[in-house]
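> Just the structure for this:
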Amino acid sequence: GGEEQDKRDRHIEKIKGSVKHLNDILEDFLSLGRLDEGKVRIDEKRFDLQQVVADTVEEMHLMLKPGQRINLHYAAPREITTDPKLLKNMLINLLSNAIKFSAAGSVVEVRVAAIGQTVRIEVEDHGIGIPESDQPRLFSSFFRGANATNIQGTGLGLQIIKRYADLIGAMVSMRSVLNEGSVFIIDIPVAT
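Residues are numbered from 1 along each chain as shown. Below you'll find the predicted structure:
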């Protein structure tokens, strides 16, 4: 009957969520392993950054909690030269975190701007924020903030982002206020 089908559907959704979580963990470990072994190769090329960012934001809509939305603000050169795959992976990871650590109904802001000889990508959430005492270790392997223990994750995502950024010559930084949210910033040098 209808009620039994609802129970089955809920159970299937739980299974799908668990499989996705395990897949994410596996991907994090594989990425870190490839980085440690020096097997991540940079494929630098000129590409349409605006399209890659817009496509990535669109893909992330599937992860949004009820009422959440992502606002994209683009004010940078349309094309840049770097590794598009590594950049997209960094962006996916930052957006996943922003969605995961924010409440239903919240807004995630993605801003892309030109600042001097740099393209800056910012991902801002209005979520739980990061305690000031945790911020210095945030980009370390397996580190999770004290206030994030009840939220699924491996503690590898930000370490992977930092390592990818180093490979492409970008800088990663952040600022956060506990219970107000966080902004993660990727500054990519632009060849003149």
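> so where's the protein uncertain?
Applying pLDDT under 70 to the chain flags residues 1, 14, 16-40, 135-156, 191-192.
> Find the centremost residue of it, please.
Geometric centre of the chain, nearest residue: Leu94, 1.6 Å, by C-alpha atoms, centre = their mean.
> Run a quick neighbour tally on the closest residue to it other than its chain neighbours.
Excluding its sequence neighbours, the residue lying closest to Leu94 (C-beta to C-beta, 6 or more residues apart in numbering) is Val123, at 4.2 Å. For every residue, glycine as well, the C-beta is placed using N, CA and C. One way to gauge burial is a neighbour count; for Val123, by other C-beta atoms under 10 Å, it gives 25.
> ditto for Ala103
The burial count assigned to Ala103 is 13, neighbours taken as other C-beta under 10 Å.
> Could you do the one 4 residues further on as well?
The number of residues packed near Val107 is 15, by other C-beta under 10 Å.
> Check whether the residue nearest to Leu94 really touches Leu95, as I assumed.
Yes. Here Val123 lies in contact with Leu95, judged by C-beta atoms under 8 Å, at a distance of 6.0 Å.
> shared neighbours, these two?
Shared between the contact lists of Val123 and Leu95 (criterion: C-beta atoms under 8 Å, 6 or more residues apart in numbering) are residues 108, 110.
> The helix or strand harbouring the residue nearest to the centre of the chain - contacts with which helices or strands?
Element membership for Leu94, per DSSP states H and E: helix 84-100. With contacts defined as 3 or more C-beta pairs under 8 Å, 6 or more residues apart in numbering; DSSP states H and E, the packing partners of helix 84-100 are helix 49-60, strand 107-115, strand 118-124, helix 157-168, strand 181-189.
> Alpha carbons only: can I get it in CSV?
What follows is helix 84-100 as a C-alpha-only set of coordinates in CSV (Å, rounded to 0.1, in the frame of the first residue of the first chain):
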residue,chain,number,x,y,z
PRO,A,84,40.0,23.5,-14.7
LYS,A,85,39.5,20.1,-13.2
LEU,A,86,41.4,20.9,-10.0
LEU,A,87,39.6,24.2,-9.7
LYS,A,88,36.2,22.6,-10.2
ASN,A,89,37.1,20.0,-7.5
MET,A,90,38.0,22.7,-5.1
LEU,A,91,34.8,24.6,-5.8
ILE,A,92,32.7,21.4,-5.4
ASN,A,93,34.3,20.8,-2.0
LEU,A,94,33.8,24.3,-0.8
LEU,A,95,30.1,24.3,-1.9
SER,A,96,29.5,20.9,-0.3
ASN,A,97,30.9,22.2,3.0
ALA,A,98,28.8,25.4,2.8
ILE,A,99,25.6,23.5,2.2
LYS,A,100,26.4,20.8,4.8
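> Next, the angle from that helix to strand 118-124.
In this structure, helix 84-100 runs at an angle of 30 degrees to strand 118-124, with axes from the mean of the first three to the mean of the last three C-alpha atoms, to 10 degrees as the basis.
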